[in-house]
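Asker: sequence? don't have it. structure:
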DNA sequence: ACGGCCAAGTTGTATGATAACCATATCACA
DNA sequence: TGTGATATGGTTATCATACAACTTGGCCGT
């Protein structure tokens, strides 16, 4: 059984990587103009098609921007790299637990700030999202999507959009793992009861605008979430069957 | 003075957006095979060149993957969207402060965990990075790069790579703003002295493996960082001159 | 000196052709 | 009948060429 994963690196891939290296190494600085396609093509020994696909990818990444009739330029704000985590972490129990640890740090502060800053309307939204989870679970759903929506309403109450974005980003990788635990019908009911109680504690603290209590409740929630995830046997390396 | 920024959306852009919409809306689910280029081209009314560039971009985003001879498929793990924040936030004082707020949540926990988990070697690395900042500043540098390196060593001591990645990602957007504040030579010396004291408090707590003290020191550091940034006059909307 | 215009260069798009590759159906042979 | 090799059509990857749209800078005429 070989690691026959690395497929054909296409020519476009190679050229894109080469151009990326030129930017990374500083040979091409922000604002610089790339050589024209007519020059770059022969230089790499590829056709214009391949070259343009490579440039297209780097444009998508925000590293390059092209102006018709003028040329292709290295983006002035090149270097603002997006945060991307390999999706395979969802398959590793340990890595998911590490992400939950990050979320614990964030959600604790989020809950505390939400308690301080929430408006009455935001509190009402949080409570509504809380009840939506119940409805979802009562209807036989796993409550994952509604759970995320619940946490989103709390993050929105901080009035800091970056908390929302970061928490939602990290949630992606936990979601699948949580879905697996809740697929176990025997534990699902008991787990959802625990989650419900923990959510209620967070809401109560936010309602009373008790930042300290909200922080503790959120930290406890994440701590228990990790415990619930860890109660499942580890899967050292998955990808057992297609 | 017009907002003559929104340039020509190229055909590739439009097609990519259209395909993206099909995936987002669920019309194309993970694992599905896209219609062949020969079909999709006429459907959008574009040439194969344009279509392939659009697909190339979505491949770069991880939404599609193509297998030569077989077809183009929606990535099984499509939906794992990377976290990207518009670089223009670096120009807005308020948004930078919001990012610092997120970093306060993260760095507090990072410092606490580092205090608990650090090895002696990691402590030594942290102290070395601390001294490197001094050397940088003494040499006339603004200490921004070395400052980030310092915080990186602390994040590494948590043994949780996702703390490191997330903190470094957010640091990007604060870096430029900090550079501006430290460009003010009059305040630079005083600010760097404050920063140095705050860093020393964090190190001391990590050295003593006092998680609570480390958390507080890091939170204070971020709180003061926000104060220092806020001491500069707000720039409601920049982009005044090119 | 100045303003409009043209021409060369560059990116955007279209088209056709060929190579490499995959999946399936077909067929020959045991 | 079963099985394996093979033909075949479909698909993506790459190349080559041509034209359209646009920018830039210089040239020219006034």
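Answerer: Sure thing, it's come through. What you see is a predicted model, and the numbers here were worked out from it, not measured in a lab.

Asker: so which residue of chain A comes closest to DNA strand D?
Answerer: residue A:69 (2.4 Å; CB to the nearest atom of the strand). Any C-beta I mention is one placed from the backbone N, CA and C, and that applies to glycine too.

Asker: count of residues packed around that residue?
Answerer: By the measure other CB atoms under 10 Å in any protein chain shown, the count of residues near residue A:69 is 5.

Asker: Tell me the predicted confidence for it.
Answerer: At residue A:69, the model reports a pLDDT of 93.

Asker: ditto for residue A:181
Answerer: For residue A:181, the pLDDT comes out at 80.

Asker: That one is in contact with residue A:187, isn't it?
Answerer: Yes - using CB atoms under 8 Å, residue A:181 is in contact with residue A:187, at 6.9 Å.

Asker: Mutual contacts of these two, please.
Answerer: residue A:231 (CB atoms under 8 Å, 6 or more residues apart in numbering or on different chains).

Asker: neighbour count winner among the two?
Answerer: Neighbours were counted for residue A:181 and for residue A:187 using other CB under 10 Å; residue A:181 has more, 18 against 15.

Asker: how distant is the helix or strand harbouring that one from the center of its chain?
Answerer: Secondary structure assignment for residue A:181, by DSSP states H and E: helix A:161-183. Remark: helix A:161-183 is offset 7 Å from the chain centroid, using CA atoms, centre = their mean, to the nearest Å.

Asker: Likewise for stretch A:171-190?
Answerer: With CA atoms, centre = their mean, you get 18 Å for stretch A:171-190.

Asker: Okay, buried residues for it please.
Answerer: The neighbour-count check on stretch A:171-190 (16 or more other CB atoms under 10 Å in any protein chain shown) flags A:171, A:172, A:173, A:174, A:175, A:176, A:177, A:178, A:180, A:181, A:182, A:188 as buried.

Asker: The second one contacts residue B:83, doesn't it?
Answerer: No - applying CB under 8 Å as the test, residue A:172 and residue B:83 come out as separate, 9.4 Å apart.

Asker: Output the set of residues of chain A in proximity to DNA strand C.
Answerer: A:8, A:34, A:36-38, A:48-49, A:52, A:55, A:66-72 (CB under 7 Å from any atom of the strand).

Asker: Show me the subset of these that also lies near chain B.
Answerer: Under the cut-off given by CB under 8 Å from any CB of the partner chain, chain B has A:8, A:49, A:52, A:67, A:68 from those close to it.

Asker: Buried members of these into PyMOL, please.
Answerer: For the buried members of those, the matching PyMOL selection, counting by 16+ other CB under 10 Å, is:
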select buried, chain A and resi 52
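
Asker: out of the ones next to chain B among the residues of chain A next to DNA strand C, which are inside helices?
Answerer: A:49, A:52 (DSSP state H).

Asker: Turn the ones next to chain B among the residues of chain A next to DNA strand C into a markdown table, including distance to residue A:116.
Answerer: Output for those, formatted as a markdown table (distance: CB to CB, whole Å):
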| residue | distance to residue A:116 |
| --- | --- |
| A:8 | 54 |
| A:49 | 56 |
| A:52 | 51 |
| A:67 | 47 |
| A:68 | 50 |
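
Asker: Among the ones next to chain B among the residues of chain A next to DNA strand C, which one lies nearest to DNA strand C?
Answerer: Distance to DNA strand C, by CB to the nearest atom of the strand, is smallest for residue A:68 among those, at 4.0 Å.

Asker: just curious, which of the ones next to chain B among the residues of chain A next to DNA strand C is nearest to residue A:161?
Answerer: Closest to residue A:161 out of these is residue A:67 (30.8 Å), distances taken as CB to CB.

Asker: and that closest one, how far is that from residue A:75?
Answerer: For residue A:67, the distance to residue A:75 equals 12 Å [CB to CB, to the nearest Å].

Asker: circling back: after the helix holding residue A:181, which helix or strand is next?
Answerer: Taking DSSP H and E, what comes next after helix A:161-183 is helix A:185-207.

Asker: immediately after the longest helix along chain A, which helix or strand?
Answerer: For chain A, the helix with the greatest residue count under DSSP H is helix A:93-117. Where DSSP H and E defines the elements, the next helix or strand beyond helix A:93-117 is helix A:120-138.

Asker: buried sites along that next one?
Answerer: With burial defined by 16+ other CB under 10 Å, the residues of helix A:120-138 counted as buried are A:122, A:123, A:125, A:126, A:127, A:129, A:130, A:132, A:133, A:136, A:137.

Asker: ok, now stretch A:19-27?
Answerer: Within stretch A:19-27, the residues scored as buried using 16+ other CB under 10 Å are A:19, A:20, A:23.

Asker: The first one: which element?
Answerer: Under the criterion DSSP H and E, the helix or strand holding residue A:19 is helix A:11-24.

Asker: Disregarding residues adjacent in the polypeptide, which is nearest to the residue positioned nearest the centre of chain A?
Answerer: A centroid search over chain A (CA atoms, centre = their mean) returns residue A:169, at 2.3 Å, as the residue closest to the centre. Residue nearest to residue A:169 in three dimensions, not counting chain neighbours: residue B:83, with 4.0 Å by CB to CB, 6 or more residues apart in numbering or on different chains.

Asker: Residue A:119 now?
Answerer: Nearest non-adjacent residue to residue A:119 (CB to CB, 6+ apart): residue A:157, at 7.6 Å.

Asker: Residue A:209 is in contact with the one you found, correct?
Answerer: No - in this structure, residue A:157 is not within contact of residue A:209 by CB under 8 Å, at 10.9 Å.

Asker: neighbour count winner among these two?
Answerer: Neighbour tally, residue A:157 and residue A:209, criterion other CB under 10 Å: the higher count belongs to residue A:157, 25 against 14.

Asker: For that one, what are phi and psi?
Answerer: phi -70, psi -10 (degrees, to the nearest 10).

Asker: quick revisit: overlap of the contact sets of residue A:157 and residue A:209?
Answerer: The contact sets of residue A:157 and residue A:209 overlap at residue A:118 (CB under 8 Å, 6+ apart).

Asker: And residue A:225, how close does it get to residue A:20?
Answerer: Noted for residue A:225: a distance of 37 Å to residue A:20, by CB to CB.

Asker: what does residue A:99 give?
Answerer: With distances taken as CB to CB, residue A:99 is found 27 Å from residue A:20.

Asker: just residue A:150 next, same as before
Answerer: Residue A:150 sits 40 Å away from residue A:20, going by CB to CB.

Asker: Could you do residue A:188 as well?
Answerer: From residue A:188 across to residue A:20, the span is 45 Å (CB to CB).

Asker: what do you get for residue A:105?
Answerer: Per CB to CB, residue A:105 is found 32 Å from residue A:20.

Asker: Within range of DNA strand D, give me the residues from chain A.
Answerer: By CB under 7 Å from any atom of the strand, the residues of chain A that approach DNA strand D are A:10-12, A:45-50, A:53, A:67-70.

Asker: For the residue nearest to residue A:125 when sequence neighbours are not counted, grab the count of nearby residues.
Answerer: Of all residues not flanking residue A:125 in the chain, residue A:153 sits nearest, at 4.8 Å (CB to CB, 6+ apart). Neighbourhood size, residue A:153 [other CB under 10 Å]: 21.
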